[in-house]
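Visitor: I would like to see how this sequence folds:
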Amino acid sequence: MVSVEEALQIIAKNTTTLQSVTLPLSKARGMVTAQDVHAPIDLPPFDQSAMDGYAINIHPVKKYAIIGEVAAGDGKEVLLKAGEAVRIFTGAMVPETAKAVVMQEKVIRLADSITLMEDAVAGSNIRPRGEQITKGDLALRKGTELTPPAIGFLAGMGIMEVNVFDKPRVGIVITGNELAEGGETLKPGQIYEGNSKMLLAAVEGYGIDGCNTYRVADNFMATCEVLSKAFQENDVVLVNGGISVGDHDYVYKALKALEVEPLFYKVRQKPGKPLFFGKRGNKIVFALPGNPAAALTCFYLYVYPALQKIMGQLGKGLERRKLMVSTSVANTYNRALLLKARILENGEVEILEGQSSAMLHTYSLANALVYVPESVSEIHQGSGVEVLVLPN
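Guide: Down below sits the predicted model:
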């Protein structure tokens, strides 16, 4: 049995980033750059008007003669003499001889002339060429997540494809004779299977689509066959249930039979003690507890940072904050606690009722987990606690 910190270190040490692939920019949302990206052009590629108004060649008098018009997309070059102006629109190319763009609200127009309502300032309302970035400069560092603004930034430089770390194929294996599918009539002793949908939603929440799901009965040979198939088809295998040591728990035995290298089994935490992590070649496997809240906690705490690292990120996991707790917390288990909680509007964090490892109702109301180290036996109301912010 290992501590939470030891488990995280073992996972980080044995998780490697996948190979890179080149994808169209339109398909790269949520992925991570596998190399530095440099600007192929200046952005903007010309002096650009930031306003609808008038581009002027400044002279001492506030009156200017209008000699033409420049709209966005016009490529014509206009030569302005001192005291001349052109009507110009947002995004249009500013003539080289223009020294400022005056907002249309700041002029009085009479036929083919304008009179400024205030003195013009050189360079005003002009986005200079290369203001955002200059050709050849570093646009995005290796390891940058391609968020919508990052994609827009690259697209604005004419970049059509990008080299990124590939996303892992994730397989979810659900075990248990007691499980029925939604829509079926429950027989005595059965419950509806929801963990596969929960884990699928959690994985897809991090931008990994197309997970493979598998169902297997509590049978040793069947478990071996399904796990073998899951390892063939996926980079990461999540097994839910059957990892304890009961007479009908076959996952640990099947993993051993498939020559999976056990890296740890059981963590000193509540919930989620019966967690297994291992490797089979370059594939990794997490065997999660069967209780849904325990399984989800283990996913957020251990699987999520592993997926981050596989996709080229740092693998820091959930955002962590130090907040004041609104109630006292007692830890009588000699294990680390991960308590479903809610961050309040006043910045405090509240421990919720219903901490059972089987309860998802409380989880659906939570937006955080409070982490109590195994070495801490009590936390007093108003004390600072470490809080893991949930993605929802």
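
Visitor: contacts, neighbours, all on C-alpha from now
Guide: Will do.

Visitor: to the chain's geometric centre, what's the distance from the helix or strand where V385 lies?
Guide: Using DSSP states H and E, V385 sits within strand 384-389. Distance of strand 384-389 from its chain centroid, counting by Cα atoms, centre = their mean, to the nearest Å, is 20 Å.

Visitor: Paired strands for it, with orientation please.
Guide: Applying DSSP bridges to the sheet, strand 384-389 is found paired with strand 319-324 (antiparallel), strand 368-372 (antiparallel).

Visitor: In a markdown table, list the ones you listed along with mean neighbour count, distance to L263 and mean pLDDT.
Guide: A markdown table is the format used below for the strands paired with strand 384-389 (neighbours: other Cα atoms under 10 Å; distance: least, Cα to Cα, whole Å; pLDDT from 0 to 100):
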| stretch | mean neighbour count | distance to L263 | mean pLDDT |
| --- | --- | --- | --- |
| strand 319-324 | 16 | 26 | 96 |
| strand 368-372 | 24 | 23 | 97 |
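
Visitor: Out of those, which gets nearest to A92?
Guide: Closest to A92 of those is strand 319-324 (Cα to Cα; 42.4 Å).

Visitor: all strands for the stretch 1-150 of the chain, in order.
Guide: 20-24, 37-38, 48-49, 53-56, 63-70, 84-88, 100-103, 107-110, 113-116, 126-127, 138-140 (DSSP state E, counting those that start in this stretch).

Visitor: partner strands of the fifth one, parallel or antiparallel?
Guide: In this case it means strand 63-70. strand 84-88 (parallel), strand 113-116 (antiparallel).

Visitor: Pick the most buried one from those strands.
Guide: strand 84-88 (a mean of 26; mean count of other Cα atoms under 10 Å).

Visitor: Any idea how far that strand is from the middle of the chain?
Guide: For strand 84-88, the distance to the chain centre is 46 Å (Cα atoms, centre = their mean).

Visitor: same deal with stretch 253-271?
Guide: Per Cα atoms, centre = their mean, the centroid offset for stretch 253-271 relative to its chain is 28 Å.

Visitor: What are the buried residues along that stretch?
Guide: K253, A254, L255, V260, F264, Y265, K266, V267, R268, Q269, K270, P271 (16 or more other Cα atoms under 10 Å).

Visitor: same thing with stretch 153-160?
Guide: Those buried within stretch 153-160 under the rule 16+ other Cα under 10 Å are F153, L154, M157, I159.

Visitor: now L296: how far from A72?
Guide: 52 Å (Cα to Cα, to the nearest Å).

Visitor: between the two, which one's more packed in?
Guide: The residue with more neighbours, out of L296 and A72, is L296; 24 against 14, by other Cα atoms under 10 Å.

Visitor: what residues are up against that one?
Guide: M198, L199 (Cα atoms under 8 Å, 6 or more residues apart in numbering).

Visitor: Just confirm it is within a strand.
Guide: No. Counting by DSSP: H, G, I helix; E, B strand; the rest coil, one finds L296 to be helix, located in no strand.

Visitor: right, and the helix or strand after the least confident helix or strand in the chain by mean pLDDT?
Guide: Least confident helix or strand of the chain, by mean pLDDT, DSSP states H and E, is strand 179-180 with a mean of 73. For strand 179-180, the following helix or strand on the C-terminal side (DSSP H and E) is strand 191-192.

Visitor: That next one pairs with which strands?
Guide: Strand 191-192 is paired, per DSSP bridges, with strand 179-180 (parallel).

Visitor: gap between the strand it pairs with and the chain center?
Guide: Worked out by Cα atoms, centre = their mean, strand 179-180 lies 32 Å from the chain centre.

Visitor: what residues does it touch?
Guide: By Cα under 8 Å, 6+ apart, strand 179-180 touches L186, Q190, I191, Y192, E193.

Visitor: Let's have these in a markdown table, adding pLDDT.
Guide: Shown next, in a markdown table, are these (pLDDT from 0 to 100):
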| residue | pLDDT |
| --- | --- |
| L186 | 85 |
| Q190 | 80 |
| I191 | 77 |
| Y192 | 81 |
| E193 | 83 |
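
Visitor: just the helices in the stretch 251-392 of the chain please.
Guide: Taking DSSP state H, counting those that start in this stretch to define them, one finds helices in the stretch 251-392 of the chain at 251-257, 292-298, 304-310, 361-365.

Visitor: For T33, which of the ones you listed is the nearest?
Guide: Taking those one by one with Cα to Cα, helix 304-310 is closest: 12.5 Å.

Visitor: avg pLDDT for that closest one?
Guide: Helix 304-310 shows a mean pLDDT of 95 in the predicted model.

Visitor: and the closest residue to K253 other than its chain neighbours, how far is that from P274?
Guide: If the residues on either side of it in the chain are set aside, K253 comes closest to F220, at 7.7 Å by Cα to Cα, 6 or more residues apart in numbering. Distance from F220 to P274, counting by Cα to Cα: 19 Å.

Visitor: just N177 next, same as before
Guide: 19 Å.

Visitor: ok, now I159?
Guide: 47 Å.

Visitor: what does E96 give?
Guide: 70 Å.

Visitor: Neighbour count for the two, which is higher?
Guide: P274 (24 against 13).

Visitor: What are the boundaries of the strands in the stretch 151-300 of the chain?
Guide: 161-165, 170-175, 179-180, 191-192, 212-216, 236-240, 261-265, 269-270, 276-280, 283-288.

Visitor: Worst mean pLDDT among these?
Guide: strand 179-180 (a mean of 73).

Visitor: Dump the strands of the stretch 151-300 of the chain to CSV, plus distance to L146.
Guide: Compiled in CSV, the strands of the stretch 151-300 of the chain are given as follows (distance: least, Cα to Cα, whole Å):
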stretch, distance to L146
strand 161-165, 9
strand 170-175, 21
strand 179-180, 39
strand 191-192, 38
strand 212-216, 25
strand 236-240, 22
strand 261-265, 32
strand 269-270, 35
strand 276-280, 29
strand 283-288, 25
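
Visitor: Nearest to V101, out of those?
Guide: Using Cα to Cα, those put strand 161-165 closest to V101, at 35.5 Å.

Visitor: Break this structure down into its domains, please.
Guide: 4-18+167-310, 27-42+132-165, 48-127, 319-389 (automatic domain parsing).
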